[in-house]
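Asks: Got a predicted structure plus its sequence, pasted below:
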Amino acid sequence: MVRESTARDEGFEELARDNSVGATRRRRLIGLAVLTVLLALVMLASIAVGARPLTFAEIFHALFNSDGTQTDIIVRTLRAPRTILGLVVGIALGIAGALIQGHTRNPLADAGLLGLNAGAAFFVVMAIYLFGFTAPSQYLWFAFAGSFVASIVVFGLSSIGNGGASPLSLALAGAAVAFFLQAMTNAVIILDQTSLDAYRFWVVGSVSGRGFDVLWQVLPFLILGLVIALASTPGLNVLSLGEDVAKALGTNIAFSRTLGIVAITLLTGAATAACGPIAFIGLVVPHVARAITGPDYRWLVPYAGLLGAVMLITADIIGRVVVRPGELQVGIILALFGAPFFIALVRRRKLASL
């Protein structure tokens, strides 16, 4: 191994990069395999790290030969559920972020841009205020319904007129709906202290305190959203060329965009309902995936899902370590790391281009 400058001075010629279709596919498949192994290691670390560190032997015993010891209870009732929930929610948010940025043609877009988080928050607050629900399993369906209603309103408003739902109209309608719902949410929590206390627990975004009961309720919607997202990637590749080109190639723009909005709603709505609004994954992960795979959404979407899961579980581990024996919620950790990335994204136009 020598420095690049030394190699040039001594007359070495740079090997030509193999950019054939087969070589590119092999590199991307290897990248997916590496990410899968990394994700498995991060999940293992998530089970092992905490206020009570666990050895690999204790983890293996709890998972495959449990007899009710204290470590078995910790693994099976606390850490395994939050790790698996972090896995599926991270995948959902990463893929949803890639779809949102693709459909809006906005490199700074995330679930908040379409009003999905604001819709979930408003319905959660109303469920707490009207029905006295305080547990995540109780107001989960209200959060999902709020995201679904918000997506319908945003898509309906952006479709008014002859132009249909364009990226610009989606962004504008989403911002308007988000601001309105946030104002309504603030009005409710100001009037009712109980709603404020429960809302503060939910809005920070966390995978702790959720069991398998929450996971089983949202899992069917996450799986359906994932299938629709993967099916919509070819159409999204065509839409990225511009609507005029997509029309010339025979693409049904309205159908493709509707399919994408349905996938985004299912993924973001279910993830937000389960863990609260977790920011920055949908913003950061698609850019990292795009830097690896390029603009092809057939590869970008799987990469974004795996990177989202790795990022969320890693943030959850960091949150348990920095203030041990207490912990910081994953939403706080992601905000600490995501805010500098957001600033860099705004300042570097090259990175922010789609």
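Replies: Yep, it's here.
Asks: who's in contact with stretch 54-69?
Replies: Stretch 54-69 is contacted by residues 44, 47-48, 71-72, 74-76, 79-80 when judged by Cβ atoms under 8 Å, 6 or more residues apart in numbering. From N, CA and C alone the C-beta is placed, and that goes for glycine too.
Asks: Need the CA coordinates for that stretch. PDB is fine.
Replies: Listed next in PDB are the C-alpha coordinates belonging to stretch 54-69 (Å, rounded to 0.1, in the frame of the first residue of the first chain):
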ATOM      1  CA  LEU A  54     -25.500  -9.300  30.000                       C
ATOM      2  CA  THR A  55     -23.000 -11.900  28.700                       C
ATOM      3  CA  PHE A  56     -23.600 -13.800  25.500                       C
ATOM      4  CA  ALA A  57     -24.100 -16.900  27.500                       C
ATOM      5  CA  GLU A  58     -26.900 -15.300  29.400                       C
ATOM      6  CA  ILE A  59     -28.500 -13.900  26.200                       C
ATOM      7  CA  PHE A  60     -28.400 -17.400  24.600                       C
ATOM      8  CA  HIS A  61     -29.900 -19.000  27.700                       C
ATOM      9  CA  ALA A  62     -32.700 -16.500  27.800                       C
ATOM     10  CA  LEU A  63     -33.600 -16.800  24.100                       C
ATOM     11  CA  PHE A  64     -33.300 -20.600  23.700                       C
ATOM     12  CA  ASN A  65     -33.400 -22.200  27.200                       C
ATOM     13  CA  SER A  66     -35.300 -19.800  29.500                       C
ATOM     14  CA  ASP A  67     -36.300 -21.000  32.900                       C
ATOM     15  CA  GLY A  68     -37.500 -17.700  34.400                       C
ATOM     16  CA  THR A  69     -34.300 -16.300  36.000                       C
END
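Asks: where do the helices sit along the stretch 201-350 of the chain?
Replies: All helices of the stretch 201-350 of the chain, identified by DSSP state H, counting those that start in this stretch, fall at 212-239, 243-248, 253-275, 281-293, 297-322, 330-347.
Asks: TSV for these, including mean pLDDT?
Replies: Below are the helices of the stretch 201-350 of the chain laid out as TSV (pLDDT from 0 to 100):
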stretch	mean pLDDT
helix 212-239	88
helix 243-248	76
helix 253-275	86
helix 281-293	89
helix 297-322	92
helix 330-347	79
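Asks: can you list these in TSV and add distance to Ala171?
Replies: Listed next are these as TSV, based on distance: least, Cβ to Cβ, whole Å:
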stretch	distance to Ala171
helix 212-239	15
helix 243-248	15
helix 253-275	13
helix 281-293	14
helix 297-322	19
helix 330-347	16
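Asks: Just flag the most distant two among the contacts of stretch 54-69.
Replies: Based on Cβ to Cβ, the longest span within the contacts of stretch 54-69 runs between Leu44 and Asp72 and measures 16.5 Å.
Asks: more crowded one of the two?
Replies: Taking neighbours as other Cβ atoms under 10 Å, Leu44 and Asp72 compare with Asp72 leading, 17 against 13.
Asks: List the contacts of that one.
Replies: By Cβ under 8 Å, 6+ apart, the contact set of Asp72 is 61-62, 66.
Asks: And it, which helix or strand is it part of?
Replies: When elements are assigned from DSSP states H and E, Asp72 belongs to helix 70-73.
Asks: continuing past that helix, what's the next helix or strand?
Replies: helix 80-104.
Asks: How far does that next one sit from its chain's centre?
Replies: Distance of helix 80-104 from the chain centroid (Cα atoms, centre = their mean, to the nearest Å) equals 3 Å.
Asks: Same check on stretch 303-314?
Replies: The chain centroid and the centroid of stretch 303-314 are separated by 8 Å under Cα atoms, centre = their mean.
Asks: export it as PDB, just CAs?
Replies: The C-alpha coordinates for stretch 303-314 follow below in PDB (Å, rounded to 0.1, in the frame of the first residue of the first chain):
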ATOM      1  CA  TYR A 303     -30.500   0.200   1.800                       C
ATOM      2  CA  ALA A 304     -32.500   3.000   3.500                       C
ATOM      3  CA  GLY A 305     -34.500   0.400   5.400                       C
ATOM      4  CA  LEU A 306     -31.400  -1.400   6.800                       C
ATOM      5  CA  LEU A 307     -29.600   1.900   7.500                       C
ATOM      6  CA  GLY A 308     -32.700   3.200   9.300                       C
ATOM      7  CA  ALA A 309     -32.800   0.100  11.600                       C
ATOM      8  CA  VAL A 310     -29.000   0.300  12.300                       C
ATOM      9  CA  MET A 311     -29.300   4.000  13.100                       C
ATOM     10  CA  LEU A 312     -32.300   3.700  15.400                       C
ATOM     11  CA  ILE A 313     -31.000   0.700  17.400                       C
ATOM     12  CA  THR A 314     -27.600   2.300  17.700                       C
END
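Asks: So which residues make contact with that stretch?
Replies: With contact meaning Cβ under 8 Å, 6+ apart, stretch 303-314 is reached by 31-32, 35-36, 38-39, 42-43, 46, 83, 86-95, 97-98, 207, 226, 278, 281-282, 284-286, 288-289, 292-293, 330, 334.
Asks: who touches the closest residue to Leu113 other than its chain neighbours in this structure?
Replies: Excluding its sequence neighbours, the residue lying closest to Leu113 (Cβ to Cβ, 6 or more residues apart in numbering) is Gly174, at 5.0 Å. Neighbouring residues of Gly174 by Cβ under 8 Å, 6+ apart: 113-115, 154, 158.
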